[in-house]
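K.L.:
Got a predicted structure here, sequence first:
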Amino acid sequence: MVSIITPVLNGKKFIEFCITNVLGQNYPDMEHIIIDGGSTDSTVSIIKEYADKYHHIRWVSEKDHGQSDAMNKGIAMAKGEIVGILNVDDYYEPAALHRVTEIFKSLPEPSLLVGNCNVWDDDGKLLFVSRPWKISLSNILLGRFLDAFPMNPTSYFYHASLHDKIGLYKTDEHYGMDLDFIIRAVQHANVVYRDQVWGNYRYLQGTKTHIDDVSGNNPKRVMAIVNGHLLKLPPHRRYPIFLRRMLGHGVGLVKNAFRKTTANRGA
């Protein structure tokens, strides 16, 4: 079974499309867990309408402590062996779950399976395709985000048992929870990359990630997360990365990385 977890708050603009996108995967053994943070718009009524018709949809609506808390609630509810995080304003490519689960059949547990995602702007223009083909701990800590960090959760799936090794999403991290998760995951999971587009990420104005970027706070958050993990490494692993950064072997820890390096809960 695949458990798709969607955190949402006041997402009436996208929630129906999100639900039908998962439904349109036509995957026979899946559940769509929607964790609503107490929406005051019509989000809940839309969720309920679909949940009454389709039994693979499970949901709760209650106040929470942010996106990480919502995702952790979804993980606690999940029954599937494979987990995917789908933000309310993002979506999967057709048959993505079929392709992903076919690959998982040959992967040891726990594995992190990473693919590509399209990155779109407000006008529906394709900005670029995120291809993290060089994903590794050292490359991420070097700041090689464009070719080492999956820009959006629609491009990766993992065994639910991975959380037994690395814990849940950090509830005190409201912007860079996916960066923190990936850094922890690559140190404990069997990491596999496939050059296939599985998801689509909308980089939209007015979302919390875009606002954080415009304010200039995002690079500081990225720096803090990356350096925090770097300092936790033993000296024999830490110092070579420090040296390579000093010699300019990274593409730039912050300034040359694409602004999107954190998760986006939605509009």
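P.N.:
Arrived safely, thanks for sending. Numbering: from 1, shown residues only.
K.L.:
which helix in this protein runs the most residues?
P.N.:
helix 217-232 (DSSP state H).
K.L.:
can you pull the alpha-carbon coordinates of that one into CSV?
P.N.:
Extracted as CSV, the C-alpha positions of helix 217-232 are listed here (Å, rounded to 0.1, in the frame of the first residue of the first chain):
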residue,chain,number,x,y,z
ASN,A,217,15.0,34.8,5.3
ASN,A,218,15.2,31.6,3.3
PRO,A,219,19.0,31.6,2.7
LYS,A,220,19.6,32.1,6.4
ARG,A,221,17.3,29.2,7.3
VAL,A,222,19.0,26.9,4.7
MET,A,223,22.5,27.9,6.0
ALA,A,224,21.4,27.2,9.6
ILE,A,225,20.0,23.7,8.8
VAL,A,226,22.9,22.7,6.6
ASN,A,227,25.6,23.9,9.0
GLY,A,228,23.7,22.3,11.9
HIS,A,229,23.9,18.9,10.3
LEU,A,230,27.5,19.4,9.1
LEU,A,231,28.7,20.2,12.7
LYS,A,232,27.1,16.9,13.9
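K.L.:
Give me the mean pLDDT for it.
P.N.:
Here helix 217-232 scores 90 as its mean pLDDT.
K.L.:
how far does it sit from the chain's center?
P.N.:
18 Å (CA atoms, centre = their mean, to the nearest Å).
K.L.:
Adjust the sequence numbering to begin at 30 for everything that follows.
P.N.:
With 30 as the first residue, the last one maps to helix 246-261.
K.L.:
Which positions within that helix qualify as buried?
P.N.:
Of all the residues in helix 246-261, those buried under the rule 16 or more other CB atoms under 10 Å are Asn247, Pro248, Arg250, Val251, Ile254, Val255, His258, Leu259. Just so you know, the C-beta spots here come from the backbone N, C-alpha and C atoms, and that holds for glycine as well.
K.L.:
how much does the next helix or strand after that helix deviate in direction from helix 246-261?
P.N.:
Per DSSP states H and E, helix 246-261 leads on to helix 264-275 as the next helix or strand towards the C-terminus. Helix 264-275 and helix 246-261 are oriented at 140 degrees to each other (axes from the mean of the first three to the mean of the last three CA atoms, to 10 degrees).
K.L.:
could you say what helices and strands helix 264-275 packs with?
P.N.:
When contacts are defined as 3 or more CB pairs under 8 Å, 6 or more residues apart in numbering; DSSP states H and E, helix 264-275 sits against helix 166-170, helix 246-261.
K.L.:
how does it look with 7 Å?
P.N.:
Packing contacts for helix 264-275, counted by 3 or more CB pairs under 7 Å, 6 or more residues apart in numbering; DSSP states H and E, involve no helix or strand.
K.L.:
Alpha carbons only: can I get that helix in CSV?
P.N.:
The C-alpha trace of helix 264-275 is given here as CSV (Å, rounded to 0.1, in the frame of the first residue of the first chain):
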residue,chain,number,x,y,z
PRO,A,264,35.7,15.2,12.3
HIS,A,265,36.9,12.8,9.7
ARG,A,266,33.7,13.4,7.7
ARG,A,267,33.2,17.0,8.5
TYR,A,268,36.6,18.5,7.7
PRO,A,269,36.8,17.3,4.1
ILE,A,270,33.5,19.1,3.4
PHE,A,271,34.7,22.2,5.1
LEU,A,272,37.9,22.1,3.0
ARG,A,273,36.0,21.6,-0.2
ARG,A,274,33.7,24.6,0.6
MET,A,275,36.7,26.7,1.3
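K.L.:
who touches the closest residue to Tyr56 other than its chain neighbours in this structure?
P.N.:
Computed as CB to CB, 6 or more residues apart in numbering, the closest residue to Tyr56 that is not its neighbour in sequence is Leu126, at 4.1 Å. Residues in contact with Leu126 (CB atoms under 7 Å, 6 or more residues apart in numbering) are Val31, Gln54, Tyr56, Met59.
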